[in-house]
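A.B. asks: Sharing a sequence plus its predicted fold:
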Amino acid sequence: MMANGGAGETPVIRIEGVAKSFGGVPAVAGVSLDIARGEFFCLVGASGSGKTTLLRLVAGFETPDQGRVLIDGEDMSSRPPYARPVNMMFQSYALFPHLTVAENVAFGLEEERRPRSEIRERVFAALAMFDMGAFGARKPHQLSGGQRQRVALARALVKNPKILLLDEPLGALDKKLRERAQLELVALRERVGITFVMVTHDQEEAMSMASRIALMRDGALCQVGTPRELYDAPQSRFAADFFGVANLFGGRVTEAGAAVDCAEARATLAVADACTQGADVTVMLRPEQIALSKHAPAAPNVLTGTLGNVVFLGNAYVCHVVLDSGKAVQARLSPADMAKLGALATGDRVHVSWEPSAARVLTS
Amino acid sequence: MSGRRSVALLSALAFGYAFLYLPIVILIVYSFNDSRLVTVWSHASLRWYAALLENQQMLDAAWLSLRIAAVSATVSVALGTGAAFALQRLKPFFAQRGYEALALMPLIVPEVLIGLAMLLLFVVLGDTIGWPERGATTIALAHASFGMAYATVVIRARLTQLDPALDEAAAILGATPWRTFRRVTLPLLAPAIAAGWLLSFTLSLDDVVVASFVTGPGATTLPIVVFSSVRLGVSPQINALATVIVVLVAVLILTATLMTRPGQRDGRRA
């Protein structure tokens, strides 16, 4: 699968048919991907999906068995990590424990053999950018988790790399700090203007931060697109399930682009997506696209069932319904819609309905 | 903790320490004894320390021992650092436990056997290539062989605790492998390397068994002098000398322990 970033312009990262296996077990299997300048690109997937290996291939910590990585159009195959215009932030932050905060940040500039005065200025500016100016003389173990993360960012950005790779950068933070750090990272990328490539296993984190996402599975790209595309138009059951909640009905197309016979729903469902007659497909519905009613509505797709739990989330209600076919579905209703429904109790008979255009037909 | 239980614990502790240190304390006390007889107390004096300072044979042996210990400790640490790295880096490719056990063999093989094996090796080497001549060189080599095992254990322990991402962080910041070793790995290993050096140094300084096997004419280390002079009758000088050695070794061991004590936060994995 080839996903093109900016039209015409050389992508800042081009991954061409890269494969890598460890001891005969493939970690990355034939991935091709272009990442455009200035993107906030997220690699997501379960553990073992190859996302971290792909990041390490870009950094140069691993060498591909097949294919190559180009940065700014230049082949990186013979370039070790220390000669690539790339920097990386590690999950453990990997701050040098024997050096002070300022010495940590200065490390990369010293390796570039910059003049002393320039190093001092740039370290100062980098620390100031992350509000760490007062902590230059501290050792890493004297800092809190959030402060360490900021030092790691300052160290990674002080050399003005073309690309910043981030390996689960927020994994070590607690939930509250994490949400703030997500916003800060997105704002940071806009400020510095360089390309960020981040690995995360957290789909919500990817959705809220990325300009584009690559979903990985078994070392291959499953789907690449904007968060919106992945949520609204997943191309596979796996992608639909990975991002948010999906109600999935397996079935066979009985009328091309119009009707799918679903055994799981014990009904023929009207759809609007393109599909070929006789194909085995899955009909996918997001919970917020399903309407709930006590009386049978006049709609093309209506299924009946029994109301199970209703979970109040503050801004929405999630209603669990067991259809007469035995299939469990979720509907997400706003408090206003819930109020219109009137009193409902567990065990009540309900109708679920949706517009044909709201359902996606997944061919894999 | 109840009062009674703490009394019991404290007695156990006192007894344990007495068992360990009473002989040494007696030895130290009697080193300040003026009497010619080791076991009879007359009055306090530094007489035997003065006599020790004039005993040229003893002083030469002490100087030789110190030099052998320094050389063998340095060789031990150099080889031990290499071995620790090899064990760490090749971990995924070798059945590491087997090799690790091999590297640490001298820790469990009886010293008499090591001494004998070393002697045989040096005899064969001497016959075939004419090197090394038995004496200080062979003692230093033999000591380095088991000192290296100890140094490997100490340095390896530290190396396993280091976050492997530190090396990668240095690399991605532009440091070549050699620069990474010098600027990151070596400083973080320094306490363990120093501890390994002190440990090997002490082991070499103490050793009488292996040294007796591999020594040659003219190379008499301090422990050998002490051992042979005790056979001719104990002079209180030995007590004075032993006191000096005990203090020296205690200081070295204490320093080594402090350098590798747990709770040192530098460079540990989170």
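C.D. replies: Here it is on my side, so go on. Residues are numbered from 1 along each chain as shown, chains lettered A, B, ... in the order given.

A.B. asks: When you work out contacts or count neighbours from here on, use the C-alpha atoms and nothing else.
C.D. replies: Fine.

A.B. asks: Give me the residues contacting the host helix or strand of residue A:340.
C.D. replies: Take DSSP states H and E as the rule and residue A:340 turns out to sit in helix A:335-341. For helix A:335-341, contacts defined as C-alpha atoms under 8 Å, 6 or more residues apart in numbering or on different chains pick out A:292, A:293, A:294, A:315, A:316, A:317.

A.B. asks: show me the contacts for the closest residue to the second one other than its chain neighbours.
C.D. replies: Once flanking residues are discounted, residue A:293 sits nearest to residue A:351: 5.2 Å by C-alpha to C-alpha, 6 or more residues apart in numbering or on different chains. Residue A:351 makes contacts with A:292, A:293, A:294, A:295, A:296, A:297, A:302, A:303, A:304, A:305, as judged by C-alpha under 8 Å, 6+ apart.

A.B. asks: tell me the pLDDT at the fifth one?
C.D. replies: Confidence at residue A:296, expressed as pLDDT, is 88.

A.B. asks: before we move on, what SS does the residue nearest to residue A:293 have?
C.D. replies: Here residue A:351 is recorded as strand under DSSP: H, G, I helix; E, B strand; the rest coil.

A.B. asks: from the stretch 101-250 of chain B, which residue is nearest to chain A?
C.D. replies: Residue of the stretch 101-250 of chain B nearest chain A, by C-alpha to the nearest C-alpha: residue B:174 (4.0 Å).

A.B. asks: for that residue, phi and psi?
C.D. replies: phi 110, psi 10 (degrees, to the nearest 10).

A.B. asks: thought it was touching residue A:85?
C.D. replies: No. Under the criterion of C-alpha atoms under 8 Å, residue B:174 makes no contact with residue A:85, lying 9.2 Å away.

A.B. asks: Next one: the residue of the stretch 101-250 of chain B closest to chain A from residue B:164, what distance?
C.D. replies: Separation of residue B:174 from residue B:164 (C-alpha to C-alpha, to the nearest Å): 16 Å.

A.B. asks: Which of these two has more residues huddled nearby?
C.D. replies: Legend: neighbour count by other C-alpha atoms under 10 Å in any protein chain shown for residue B:174 and residue B:164, higher for residue B:174 (26 against 14).

A.B. asks: Once you drop chain neighbours, what's closest to the more buried one?
C.D. replies: Leaving aside its sequence neighbours, residue B:174 sits nearest to residue A:82 (C-alpha to C-alpha, 6+ apart; 4.0 Å).

A.B. asks: Residue A:203 touches residue A:243, doesn't it?
C.D. replies: Yes. Between residue A:203 and residue A:243 there is a contact at 6.0 Å, judged by C-alpha under 8 Å.

A.B. asks: Number of residues surrounding the residue nearest to residue B:174?
C.D. replies: 23.

A.B. asks: What segments of chain B are helices?
C.D. replies: B:3-31, B:47-54, B:56-89, B:96-103, B:111-129, B:136-161, B:165-172, B:177-180, B:186-206, B:209-214, B:222-231, B:236-259 (DSSP state H).

A.B. asks: The third one - contacts with which helices or strands?
C.D. replies: In this structure, helix B:56-89 packs against helix B:47-54, helix B:96-103, helix B:136-161, helix B:186-206, helix B:222-231, with contacts taken as 3 or more C-alpha pairs under 8 Å, 6 or more residues apart in numbering or on different chains; DSSP states H and E.

A.B. asks: any idea of the angle that helix forms with helix B:236-259?
C.D. replies: For helix B:56-89 against helix B:236-259, the angle by axes from the mean of the first three to the mean of the last three C-alpha atoms, to 10 degrees is 20 degrees.

A.B. asks: Mind listing what's buried along helix B:56-89?
C.D. replies: By neighbour count with 16 or more other C-alpha atoms under 10 Å in any protein chain shown, helix B:56-89 contains the buried residues B:58-59, B:61-62, B:64-85, B:87-88.

A.B. asks: Also the first one?
C.D. replies: Residues of helix B:3-31 classed as buried: B:24, B:27, B:28, B:30, B:31 (neighbour count, 16+ other C-alpha under 10 Å).

A.B. asks: Show the average pLDDT along that helix.
C.D. replies: 88.

A.B. asks: what does stretch B:60-69 contact?
C.D. replies: B:136-137, B:139-140, B:143, B:200-205, B:219-222, B:225.

A.B. asks: And the furthest pair within the contacts of helix A:335-341?
C.D. replies: A:294 and A:315 (22.1 Å; C-alpha to C-alpha).

A.B. asks: Now do the strands in the stretch 101-250 of chain A.
C.D. replies: In the stretch 101-250 of chain A, the strands defined using DSSP state E, counting those that start in this stretch lie at A:163-167, A:195-200, A:212-217, A:220-225, A:247-255.

A.B. asks: Need those in JSON lines (columns: mean neighbour count).
C.D. replies: What follows is the strands of the stretch 101-250 of chain A, written out as JSON lines (neighbours: other C-alpha atoms under 10 Å in any protein chain shown):
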{"stretch": "strand A:163-167", "mean neighbour count": "24"}
{"stretch": "strand A:195-200", "mean neighbour count": "24"}
{"stretch": "strand A:212-217", "mean neighbour count": "24"}
{"stretch": "strand A:220-225", "mean neighbour count": "21"}
{"stretch": "strand A:247-255", "mean neighbour count": "21"}
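
A.B. asks: ok so, going back, among the helices and strands packed on helix B:56-89, which one carries the weakest average confidence?
C.D. replies: The bottom spot among the helices and strands packed on helix B:56-89, by mean pLDDT, belongs to helix B:96-103, with a mean of 69.

A.B. asks: Am I right that residue A:309 is in a helix?
C.D. replies: No. Applying three-state DSSP, one finds residue A:309 to be strand, outside a helix.

A.B. asks: And the helices in the stretch 1-150 of chain A?
C.D. replies: A:51-59, A:101-111, A:116-129, A:145-157 (DSSP state H, counting those that start in this stretch).

A.B. asks: Compare the strands of the stretch 101-250 of chain A and report which one is nearest to chain B.
C.D. replies: strand A:163-167 (10.3 Å).

A.B. asks: Which one of the contacts of helix A:335-341 is nearest to residue A:157?
C.D. replies: Nearest to residue A:157 among the contacts of helix A:335-341, with distances taken as C-alpha to C-alpha, is residue A:315, at 38.6 Å.

A.B. asks: Check that closest one and give its pLDDT.
C.D. replies: 91.

A.B. asks: Hmm, it is touching residue A:332, no?
C.D. replies: No. The criterion here is C-alpha under 8 Å, and residue A:315 misses it with residue A:332 at 10.2 Å.

A.B. asks: closest one to residue B:40 among the helices of the stretch 1-150 of chain A?
C.D. replies: Evaluated with C-alpha to C-alpha, those place helix A:101-111 nearest to residue B:40, the distance being 62.7 Å.

A.B. asks: the inter-axis angle of the closest one versus helix A:116-129?
C.D. replies: Using the same axes, to 10 degrees: helix A:101-111 against helix A:116-129 is 130 degrees.

A.B. asks: and helix A:101-111, is it in reach of chain B?
C.D. replies: Yes. Helix A:101-111 reaches chain B (C-alpha under 8 Å from any C-alpha of the partner chain) through A:107, A:108, A:111.

A.B. asks: Centre of the chain to stretch B:208-225, how far?
C.D. replies: Offset of stretch B:208-225 from its chain centre (C-alpha atoms, centre = their mean, to the nearest Å): 16 Å.

A.B. asks: Residue B:126: how many residues sit nearby?
C.D. replies: 14.

A.B. asks: for chain B, what are the nearby residues on chain A?
C.D. replies: A:59, A:61, A:81-84, A:86-90, A:92, A:94-98, A:107-108, A:111-112, A:141, A:156.

A.B. asks: and those residues, which are buried?
C.D. replies: A:59, A:61, A:81-84, A:86-90, A:92, A:94-98, A:107-108, A:111, A:141, A:156.

A.B. asks: Distance check, the residue in the stretch 1-150 of chain A that chain B sits nearest to against residue A:53.
C.D. replies: As assessed by C-alpha to the nearest C-alpha, chain B sits closest to residue A:82 within the stretch 1-150 of chain A, at 4.0 Å. Applying C-alpha to C-alpha, the value for residue A:82 to residue A:53 is 18 Å.
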